[in-house]
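Novice: My questions are about this predicted structure, shown below with the sequence.
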Amino acid sequence: MPGIPVRRSERATFAALLGIVALLALVPIARLAQEALAPHGRLDLGVFRSVIESPAVWRAAGNTLTVSIGGAALAIVLGAGFALLVSLTDVRAKKPLVFCFMMPLLIAPQVTALAWINLLGPNSTLLRALGLAPAAGTTHPLYGPGGIALLLGIEQAPVVFLAVRAGLRSLPRDLVEAAQASGAGPWRIVRTIVLPLSGPSVAAGGMLAFVGSIGNFGIPAFLGIPAGFTVLVTLIYQRLAGFGTSVLSEVATLSLLLALIALGGLALNNWLARRHDVRVTAWSSATPQWPLGRLRALVEGGCWAALFVVLVLPFAALLATALVPAIGVSLTPSTATFANFHFVLFDYAATRRAFVNSASLAASAAVMLVIVSVPLGYSLAGRRASIRQGVAFVAELPYAVPGVVLAIAMILCLLRPLPLLGLSLYSTIWIILVAYLSRFMLLALRPVTNALRQIDPSLDEAARMSGARFARRVATVIMPMVAPSAVAGGMLVFLMAFNELTVSALLWSSGSETVGVVLFSLEQAGDGVSAAAVAVIAVIVTLAMMLLTNAVASRAARGVLPWQP
Amino acid sequence: MAAVTLERVEKRFDSIVAIDDVSLAVEEGEFLAVLGPSGCGKSTLLRLIAGFERAERGTIRIGDRVVGGPDVYIAPEDRHVGMVFQSYALWPHMSVAENIAYPLRVQKLAGRNLAQQVDAALEAVGLAGLGQRRPAALSGGQRQRVALARCLAMKAKLVLLDEPLANLDVHLRARMLAEIAAFRTLSKATLVYVTHDQAEALGVADRVAVMADGRLRQVAAPPALYRTPRDGIVSRFVGPGTVARGEVTQTYANGHAKVALFGREWQVRSAPGQREGAVEICIRPEDLAIVGPDGGFEASVARVLYQGGRTVVEAAPACDPATTLSLSLTSGEACAPGAKVHLALVDGWVIPET
């Protein structure tokens, strides 16, 4: 919507909304930078130097780069390949295929890691039933850099897929048609026209996958810590968990380094996106749908088989483990039991609390963010492009940096009692809520701004001409029209917050455990069957939320859900 | 009370001047059409009056109230100005009745009173009984009428219409124009109507303001605009005809002048105080007549367009083949492309500003 002059009273509302964004996003990151570079109010690079000179840090940084580059490479192969297949050929059932392909991105990484641990380890209930399990006592084949890169690649492949598909969609149809008219066959067109023009979007997707891998905590925590393989994220976690707040300056410095790597990657990604000089022709461009002919059934079978291996098998293994009374017992109709589910849902106080905590944290964050994002998005819509982009950038910061970084920033901000109020949020559940509000703000705001952009500005102007002021316009005209998108955004927030581990792993305290945290604790304590039961419940909640969000989003604006066009 | 006055208003979008030093006074109860090609700034003018844009310079008054000026800016929601949008701007999540009721609810009207006023507005635009429909279930013409009913219900004394017929089929436009005229009678509101279609503007408005490149060229009643355009842009944009270069050789006190054109001298109309010298002359189709081979000047027929009751003939003078003159013949007078005819100027207008 174009710039419209506003009343003076609206400026106060806008200023308040901007204040919320600044408090949640800008202040913590700024505090982190200050702690790392000027811990006592003066520029002091002493801590910085000692961190930089530590061999353990260098080792962890090297490990981070190794697994992230490996993960991004695998994600590019999987994601770009799948995008080409779905966009350019006539494979059937594309919607369910895409939905399943997107699943690894939305299932919590720690759940994925646990599922694969259960699938391939010596204790695998599934492999033991088939007699294929590795001998007892051998190390798990996935422990270490290879396994971490493999799972990172699977998790990040949807990110590359989305970027490449968007690139293919903006590919002007006439470029392909000109090649067809020149007599080129499908293979030649893909090789000489489609792939070269998709290069930037493949690179951009790969960069996003790389940044996502750097910040991932669940996978290296489950697969790296038992093998003594440390990346930067787990190093920060272990330092803080081991030494407490006395090492805050040190972990703040580590976090700043991590944040700089991630933001550098994103800046590179933006630069690549700008260089992507394919003139986008609105939505008119329809890429050709080449018939695969007799190969079609084969390709479709291959896709579903791959999804079966990546999705169904690990989760079948997870379910199998959740259904046996103890690790090592084989799953038979007589041993199968729901006792683990009963235990984690009703008997064991920590897990019971965790489900309540995660659900209430996720729901509160979702509701509060939706309530703020609609008036904020609406106020922003009428502003200059520089203000809009500035706010979007700030709102993106807490989501773009690795979760560990945000958690450290939150600790730094909230460790001491709040000024004026005099109460401390540290080691309460509220610090987790504040962190979630900060981290997932973007997920709620983006669908709203997308939806507002698709609304005819005259609908708002007609309300103004009718005499309606800001609050009334938001409530009666804007809210009803963006509601589906806003709700879809809120559900996305719920989904991500419910599955979240990275932030809460550093912020939880006894009584404020989250699902992610208990899953991690149970697995570390060796209670594999209870961990599996918690993970199965988390997967069921995730799936249900995805399907529910799908139903809502059918009425939402285009481009609201990551797994829908 | 609801007259609109603009004094030396200027609006820029970055470096582009959209409205350039425009002064305009709309009388209370007047129907003023703002006519101009797309991009001339006419919609911006309307949005300035409505308050959706803020002028950099100049003063805008609605009635006696300054709504925009050097230190004053009244938001659109506080101006009580009705607007009919090109896209109709009906809220898709409200029924037709709710759309019409919206400004009344803002004015804290409720209950039976509200329902009565909504029904009255629906009836006035011929949509009685359709109140419960969704806008999506209406045709384009019906949607436009809902937009009119919304302005009617809010009892705005100033209603702005932004190309209201642009999205309608050609055959619907005449009916909607009649609807707008009826709306005016009923509401007694001052109307400012923006269009790029001169037939609409000349047909319904009391006065027409012609805009080009952000400037007002002429504000006049339709016949005056047609007969006495102030400059070449207005004469080309309003009505058919040709602008030809000639020379005033003699002026008379009674508003006439003698001009040399196409090798002969003619007597045409001119503005008071017209000087002698090179000028542009506006020649409408009805200003030309076919005469015998001894009179007038020779021209060759280029095209003949049959248009029912009359025939439009386009011809080029032999002495100035680059100029195309068009004249209107009643049927019966035969004429074929390539034929040589003799034409005489029976009337014309010396354009005052060149």
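Specialist: Yes, it's here.

Novice: Please make it C-alpha for all contacts and neighbour counts, starting now.
Specialist: Will do.

Novice: mind checking the SS state of whatever residue of chain A ends up closest to chain B?
Specialist: Of chain A, the residue with the smallest distance to chain B, taken as CA to the nearest CA, is A:G467 at 3.9 Å. Recorded secondary structure, A:G467: coil (DSSP: H, G, I helix; E, B strand; the rest coil).

Novice: Disregarding residues adjacent in the polypeptide, which is nearest to it?
Specialist: B:E77 (3.9 Å; CA to CA, 6 or more residues apart in numbering or on different chains).

Novice: so who does that neighbour touch?
Specialist: Residues near B:E77 by CA atoms under 8 Å, 6 or more residues apart in numbering or on different chains: A:A463, A:R464, A:M465, A:S466, A:G467, A:A468, A:R469.

Novice: Dump these to CSV, plus neighbour count and pLDDT.
Specialist: Shown next, in CSV, are the contacts of B:E77 (neighbours: other CA atoms under 10 Å in any protein chain shown; pLDDT from 0 to 100):
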residue, neighbour count, pLDDT
A:A463, 26, 93
A:R464, 27, 91
A:M465, 27, 92
A:S466, 29, 92
A:G467, 26, 90
A:A468, 24, 91
A:R469, 20, 90
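
Novice: residues in contact with A:R439?
Specialist: Per CA under 8 Å, 6+ apart, neighbours of A:R439: A:A25, A:P398, A:Y399, A:G403, A:L406.

Novice: now do 6 Å
Specialist: A:P398, A:Y399 (CA atoms under 6 Å, 6 or more residues apart in numbering or on different chains).

Novice: where's it, which helix or strand?
Specialist: helix A:429-453 (DSSP states H and E).

Novice: B:V346 and B:D287 touch, don't they?
Specialist: Yes - counting by CA atoms under 6 Å, B:V346 touches B:D287, with 5.3 Å between them.

Novice: Give me the more crowded residue out of these two.
Specialist: Ranked by neighbour count (other CA atoms under 10 Å in any protein chain shown), B:V346 and B:D287 place B:D287 first, with 18 against 13.

Novice: And the nearest residue to the more buried one once chain neighbours are set aside, how close does it get to B:P293?
Specialist: Distances taken as CA to CA, 6+ apart put B:D347 closest to B:D287, at 4.7 Å, once the chain neighbours are dropped. Going from B:D347 to B:P293 by CA to CA, to the nearest Å gives 20 Å.

Novice: Neighbour count for the two, which is higher?
Specialist: More crowded of B:D347 and B:P293, by other CA under 10 Å: B:D347, with 17 against 12.

Novice: Could you list the low-pLDDT ranges of the stretch 1-150 of chain B?
Specialist: Within the stretch 1-150 of chain B, the stretches with pLDDT under 70 are B:1-2.

Novice: Where does pLDDT dip in chain A?
Specialist: A:1-8, A:273, A:275-288, A:555-565.

Novice: List, one by one, the residues from it near chain B.
Specialist: A:I4, A:S458, A:L459, A:R464, A:M465, A:S466, A:G467, A:A468 (CA under 6 Å from any CA of the partner chain).

Novice: Can you redo those as JSON lines, where the extra columns are distance to A:G382?
Specialist: Putting those into JSON lines (distance: CA to CA, whole Å) gives the following:
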{"residue": "A:I4", "distance to A:G382": "6"}
{"residue": "A:S458", "distance to A:G382": "13"}
{"residue": "A:L459", "distance to A:G382": "14"}
{"residue": "A:R464", "distance to A:G382": "13"}
{"residue": "A:M465", "distance to A:G382": "16"}
{"residue": "A:S466", "distance to A:G382": "18"}
{"residue": "A:G467", "distance to A:G382": "18"}
{"residue": "A:A468", "distance to A:G382": "16"}
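
Novice: show me the contacts for B:R150.
Specialist: B:R150 touches B:I100, counting by CA under 6 Å, 6+ apart.

Novice: Just confirm it is within a helix.
Specialist: Yes - counting by three-state DSSP, B:R150 is found in a helix.

Novice: Please, where are all the helices along the stretch 51-200 of chain B?
Specialist: B:96-106, B:111-124, B:140-153, B:170-187, B:198-204 (DSSP state H, counting those that start in this stretch).

Novice: Give me the contact list for the next helix or strand after the shortest one.
Specialist: Spelled out, it's helix B:198-204. With elements assigned by DSSP H and E, the helix or strand that comes after helix B:198-204 is strand B:207-212. With contacts defined as CA under 6 Å, 6+ apart, strand B:207-212 is touched by B:L32, B:A33, B:V34, B:L35, B:G36, B:C40, B:L216, B:R217, B:Q218, B:V219, B:A220, B:A221.

Novice: can you do 10 Å?
Specialist: B:19-20, B:22, B:24, B:26, B:30-42, B:45, B:192-194, B:196, B:198, B:201-202, B:216-225, B:233-234, B:237-238 (CA atoms under 10 Å, 6 or more residues apart in numbering or on different chains).

Novice: Identify the spatial nearest neighbour of A:G71, chain neighbours not counted.
Specialist: A:G153 (4.0 Å).

Novice: what's the neighbour count on that neighbour?
Specialist: By the criterion of other CA under 10 Å, A:G153 has 29 neighbours.

Novice: Surely it and A:I69 touch.
Specialist: Yes - using CA atoms under 10 Å, A:G153 makes contact with A:I69 at a distance of 9.3 Å.

Novice: B:G348 is in contact with B:S235, correct?
Specialist: No - with contact defined as CA under 10 Å, B:S235 does not count as touching B:G348 (11.6 Å).

Novice: Please identify every residue contacting each of those two.
Specialist: B:R227, B:T228, B:V243, B:I281, B:C282, B:I283, B:R284.

Novice: Narrow the residues you listed to those in helices?
Specialist: B:R227 (DSSP state H).

Novice: would JSON lines of the shared contacts of B:S235 and B:G348 with neighbour count be doable?
Specialist: Conversion of these to JSON lines gives the following (neighbours: other CA atoms under 10 Å in any protein chain shown):
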{"residue": "B:R227", "neighbour count": "17"}
{"residue": "B:T228", "neighbour count": "21"}
{"residue": "B:V243", "neighbour count": "24"}
{"residue": "B:I281", "neighbour count": "26"}
{"residue": "B:C282", "neighbour count": "28"}
{"residue": "B:I283", "neighbour count": "25"}
{"residue": "B:R284", "neighbour count": "23"}
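
Novice: could the shared contacts of B:S235 and B:G348 go into CSV alongside pLDDT and distance to B:A101?
Specialist: Putting the shared contacts of B:S235 and B:G348 into CSV (pLDDT from 0 to 100; distance: CA to CA, whole Å) gives the following:
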residue, pLDDT, distance to B:A101
B:R227, 92, 45
B:T228, 93, 45
B:V243, 91, 51
B:I281, 93, 53
B:C282, 93, 50
B:I283, 93, 51
B:R284, 92, 48
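
Novice: Same list (the shared contacts of B:S235 and B:G348) but as JSON lines, adding distance to B:D320.
Specialist: Compiled in JSON lines, the shared contacts of B:S235 and B:G348 are given as follows (distance: CA to CA, whole Å):
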{"residue": "B:R227", "distance to B:D320": "24"}
{"residue": "B:T228", "distance to B:D320": "24"}
{"residue": "B:V243", "distance to B:D320": "13"}
{"residue": "B:I281", "distance to B:D320": "14"}
{"residue": "B:C282", "distance to B:D320": "16"}
{"residue": "B:I283", "distance to B:D320": "15"}
{"residue": "B:R284", "distance to B:D320": "18"}
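
Novice: Looking at the shared contacts of B:S235 and B:G348, spot the one nearest A:S182.
Specialist: Among those, B:V243 lies closest to A:S182 (CA to CA), at 51.0 Å.

Novice: so what sits against both of A:G153 and A:I69?
Specialist: Taking CA under 10 Å, 6+ apart as the criterion, A:G153 and A:I69 both touch A:A75, A:A209, A:F210, A:S213.

Novice: Apart from its chain neighbours, what residue comes closest to the last one?
Specialist: Put plainly, it is A:S213. Nearest one to A:S213, counting by CA to CA, 6+ apart, is A:S68 at 5.1 Å.

Novice: A:F217 is in contact with that neighbour, correct?
Specialist: No - applying CA under 10 Å as the test, A:S68 and A:F217 come out as separate, 11.9 Å apart.
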